[in-house]
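Visitor: How does the following fold in three dimensions:
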Amino acid sequence: MSEHSVVVIGAGPQGLAAAAHLVERGIDVIVMERGTGPAAAISEWGHVRLFSAWPELTDAAARRLLEPTGWSTPISGYPTGAEWVNDYLAPLADVLGERVRYATTVTGVSRQGRDKVVDGGRKSQPFVVHAIDRDGNESRLIARAVIDASGTWGSPNPAGADGFPALGETQASSSISYRIPDDVSALAGSHVVVVGAGHSATHAVLRLSELARRSPGTRVTWMLRRGSAANIFGGGAGDGLPERAALGTRAHKMIDEGLVNVVSGFRVAEFRQDGESLTIVAEDGAVVTDVAHVFALTGFRPDTEMLRELRIDLDSTLDAVAGIASEIDPNIHSCGSVSATGARELAQPEQDFFIVGVKSYGRAPTFLAMTGYEQVRSVVAHLAGDHEAAARNELVLPDTGVCGGSGDFDDNVGSCCAAPAVLQIGARPVPVG
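Guide: Have a look, this model is predicted:
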């Protein structure tokens, strides 16, 4: 077994930023990434354009590490996922060099010689990180601290409204996708359904509506669980991220043009195969028929199986780190009303183990990259013994103008933010790849 000061799980934006902060503070680190390259999850949605601008997508310690190589910070524009990887994350991983190990899947994290039940001497024992490489070879790493930045990309929520796959959903898997589509030309002339109310669903609806414009006979149905479509268009002029607002205004325009049919209050209970097409049945018996393909974009959830021998504290509602759950509940907060969360809030019962990045948010949908960068800055400062820096808040977040939560699920009454009074349909459209 090899021994390191800190093991970081995941070579995405927060994992690589954590490594940069650790290197800057002279702390030994190994990053373990299951993909074959950096930011493997982002590469899978590389065709999607982000609504955060370049200044919000890079970390300060990472910039300081990169700049001596001749790399310069992108200062304007909204990159696609592929551009984010190619122009920032891949160069950062290259600078970190052999500290990043690819095609290595972490299968478990534990205390050396202690399963979850054992109290005796627990805090004095280092962590053991269990891993397996692409050839099936197992390895063990000893670490003083572990930062889990593995994300949630591998665990999409199902289309079923109760959190489990709907009846027939697994059997219909060849006709259901859980990612934002890229090339949708094969669906021309067919009936396509998008399930979900977040930004990923909006991206998919926009891509499909353009197909409907080009290919008459293409039908797009946007299926919402909530009883009203009022909040799906975002914050309009009140949104601190204008490109995010533009997604909503474009979607509103596509609906007004008749390119998209919105069905609200539809909670998927069953998929029925009718020859080459699907019939989707709601919990109340409503049906949508003659469906060729479904894009189920209902969010993600964290996979904590590899942490089963650690003592971790997650919120019972959001599956988020318990210490930040009240700050990120989408029924209460928008992005801008979320306070910065650092080492103190992210602390777990297992001393020197931290969950950061989108995984720390559990099922909450309001995560922004710059929030994750502030998390890892604080966590690494804590691990370095710089408690003043760990406690400092260096983050200012943009507001959404409208919350992403369900409010009172059927009608949105009681949601924390009101929908904007006027949606400016003429806002500059944001390309999506």
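Visitor: biggest strand in this structure by residues?
Guide: For the chain, the strand with the greatest residue count under DSSP state E is strand 138-148.
Visitor: Run through who's touching it.
Guide: Strand 138-148 is contacted by residues 1-10, 15, 18, 30, 32, 104, 109, 112, 126-133, 307, 352-356, 359, 376, 379, 383 when judged by Cβ atoms under 8 Å, 6 or more residues apart in numbering. The way it works is simple: take the backbone N, C-alpha and C, and place the C-beta from them, glycine included.
Visitor: Mean confidence (pLDDT) on whatever helix or strand comes next after it, please.
Guide: On the C-terminal side of strand 138-148, the closest following helix or strand by DSSP states H and E is strand 176-177. Across strand 176-177, the average pLDDT comes to 98.
Visitor: And for residue 162, the neighbour number?
Guide: Neighbours of residue 162 under the rule other Cβ atoms under 10 Å: 11.
Visitor: scratch that, residue 70 is what I was asking about
Guide: Neighbour number of residue 70 under other Cβ under 10 Å is 7.
Visitor: again, but for the one 10 residues further on
Guide: Using other Cβ under 10 Å, residue 80 is surrounded by 19 other residues.
Visitor: One more: residue 296?
Guide: 25.
Visitor: again, but for residue 97
Guide: Residues lying near residue 97 (other Cβ under 10 Å) number 7.
Visitor: and the residue lying farthest from the centre of the chain, what element?
Guide: Going by Cα atoms, centre = their mean, the residue of the chain most distant from its centre is residue 120, 37.0 Å out. Of the helices and strands defined by DSSP H and E, none includes residue 120.
Visitor: List the pairing partners of the longest strand of the chain within its sheet, with orientation.
Guide: According to DSSP bridges, strand 138-148 forms sheet pairs with strand 2-9 (parallel), strand 127-133 (antiparallel), strand 353-355 (parallel).
Visitor: a markdown table for the ones you listed, including mean pLDDT, distance to residue 300 and mean neighbour count?
Guide: Listed next are these as a markdown table, based on pLDDT from 0 to 100; distance: least, Cβ to Cβ, whole Å; neighbours: other Cβ atoms under 10 Å:
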| stretch | mean pLDDT | distance to residue 300 | mean neighbour count |
| --- | --- | --- | --- |
| strand 2-9 | 88 | 17 | 21 |
| strand 127-133 | 97 | 23 | 19 |
| strand 353-355 | 98 | 14 | 25 |
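Visitor: Residue 99 and residue 16 touch, don't they?
Guide: No - here residue 99 does not reach residue 16: they are 9.8 Å apart, not a contact under Cβ atoms under 8 Å.
Visitor: overlap in contacts of the two?
Guide: residue 31.
Visitor: Give me the distance between the two termini of stretch 352-366.
Guide: 26 Å (Cα to Cα, to the nearest Å).
Visitor: Compare the strands paired with strand 138-148 and give me the one nearest residue 174.
Guide: strand 127-133 (28.9 Å; Cβ to Cβ).
Visitor: from the middle of its chain, how far away would the closest one be?
Guide: Taking the mean of its C-alpha atoms, strand 127-133 sits 24 Å from the chain's own mean (Cα atoms, centre = their mean, to the nearest Å).
Visitor: what residues does it touch?
Guide: Taking Cβ under 8 Å, 6+ apart as the rule, strand 127-133 contacts 1, 7, 9, 32, 103-112, 138-146, 306, 352-353.
Visitor: now stretch 218-225
Guide: Stretch 218-225 is contacted by residues 161, 187-197, 201, 205, 208-209, 211-212, 232, 255, 259-268, 280, 288, 291, 406, 409 when judged by Cβ under 8 Å, 6+ apart.
Visitor: Filter the residues you listed down to the buried ones.
Guide: 161, 187, 190-197, 201, 205, 208-209, 211-212, 232, 255, 259-260, 262-268, 280, 288, 291, 406, 409 (16 or more other Cβ atoms under 10 Å).
Visitor: Burial check on the closest residue to residue 182 other than its chain neighbours, number of neighbours?
Guide: In this structure, residue 182 finds its nearest non-sequential neighbour in residue 47, 4.3 Å apart by Cβ to Cβ, 6 or more residues apart in numbering. For residue 47, the neighbour count with other Cβ under 10 Å is 16.
Visitor: would residue 47 count as being in a strand?
Guide: No - Residue 47 sits outside any strand when classified using DSSP: H, G, I helix; E, B strand; the rest coil, being coil.
Visitor: Which pLDDT value belongs to it?
Guide: If you check residue 47, the pLDDT there is 94.
Visitor: For it, give its distance to residue 84.
Guide: Going from residue 47 to residue 84 by Cβ to Cβ, to the nearest Å gives 12 Å.
Visitor: returning to that earlier point: tell me which of residue 99 and residue 16 has more neighbours.
Guide: Comparing residue 99 with residue 16 by neighbour count (other Cβ under 10 Å), the higher total belongs to residue 16, at 30 against 18.
Visitor: Check which helices and strands the helix or strand of the chain with the lowest mean pLDDT sits against.
Guide: Lowest on mean pLDDT, DSSP states H and E among the helices and strands of the chain sits helix 242-256, with a mean of 77. Under the contact criterion of 3 or more Cβ pairs under 8 Å, 6 or more residues apart in numbering; DSSP states H and E, helix 242-256 touches helix 199-214.
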